[in-house]
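J.: any chance you could fold what I've pasted below:
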Amino acid sequence: MTSAIKIYSFLIMLLAFSASQAQTSKIISGSTNFSVKFVLGTCDGTFDAPKGTAVFDEKNISTASFNITVSAASFKTGNNSRDKDMKSEKYFFVSKYPDIHFKSSKTEKDGANYKTTGTLTIRDVSKTVTLPFEAKKKADGTYALSSVFEINRLDYKIGEKDWKLKDIVKVDLKAIIK
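T.: Numbering: from 1, shown residues only. Take a look at the predicted model:
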């Protein structure tokens with residue numbers, strides 16, 4: 001390979017790398033809410049806003065990727081006793097597993113919305129999941145992303161089978177990326 005071709009190839013790789021880096025966004029705000037039914041009704045709660053990075057361009061979905069972390073230690077339901085119990089080794093075991101993590105491997109258009117497939121890790125359990133989401137570009141160039149999905153808490157060793165607490169947890173995740 002001649003020197004000119006090597007330099008040309010290097011410049012193309014550098015431009016491609018720079019272009020892909022320019023698309024990486026940070027999560028600048030958001031919320032993580034959940035609800036689970038139990039014998040006395042529904043328990044609603046929150047985690048702190050998600051953190052991480054995202055690459056998203058509605059015109060080029062194949063390049064989309066998400067690397068999101070939610071602090072399991074930030075679990076709140078408004079009941080201090082329950083919150084303390086949920087952070088124990090019986091449930092989230094936050095002293096050993098302080099974060100919930102999602103890393104995408106594929107994102108696709110799904111009708112008017114999108115879906116992303118990746119690995120969701122809670123405690124020491126990692127599973128492949130597909131999460132539906134909406135993306136709306138705002139006037140300031142940011143994207144508002146939102147995903148509502150359900151997970152089975154038992155799949156991730158969050159407690160044990162219990163007639164007082166349902167297994168399915170509904171999660172509502174919102175993020176603004178810039």
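J.: show me which residues of stretch 170-178 are buried.
T.: Going by neighbour count (16 or more other Cβ atoms under 10 Å), the buried part of stretch 170-178 is 170, 171, 173, 174, 175, 176, 177. From N, CA and C alone the C-beta is placed, and that goes for glycine too.
J.: and the helix or strand where residue 43 lies, what does it pack onto?
T.: Residue 43 belongs to strand 41-47 when assigned by DSSP states H and E. Contacts defined by 3 or more Cβ pairs under 8 Å, 6 or more residues apart in numbering; DSSP states H and E place strand 41-47 against strand 24-38.
J.: so what are the sheet partners of the strand it packs on and their directions?
T.: strand 41-47 (antiparallel), strand 51-55 (antiparallel), strand 165-177 (antiparallel) (DSSP bridges).
J.: CSV for the ones you listed, including mean pLDDT and distance to residue 84?
T.: Rendered in CSV, the data for the strands paired with strand 24-38 read as follows (pLDDT from 0 to 100; distance: least, Cβ to Cβ, whole Å):
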stretch, mean pLDDT, distance to residue 84
strand 41-47, 95, 13
strand 51-55, 95, 23
strand 165-177, 96, 16
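J.: returning to what we had before: show me how far the strand holding residue 43 is from its chain's centre.
T.: 18 Å (Cα atoms, centre = their mean, to the nearest Å).
J.: name the residues that touch it?
T.: 31-37, 70-72, 74-78, 82, 100 (Cβ atoms under 8 Å, 6 or more residues apart in numbering).
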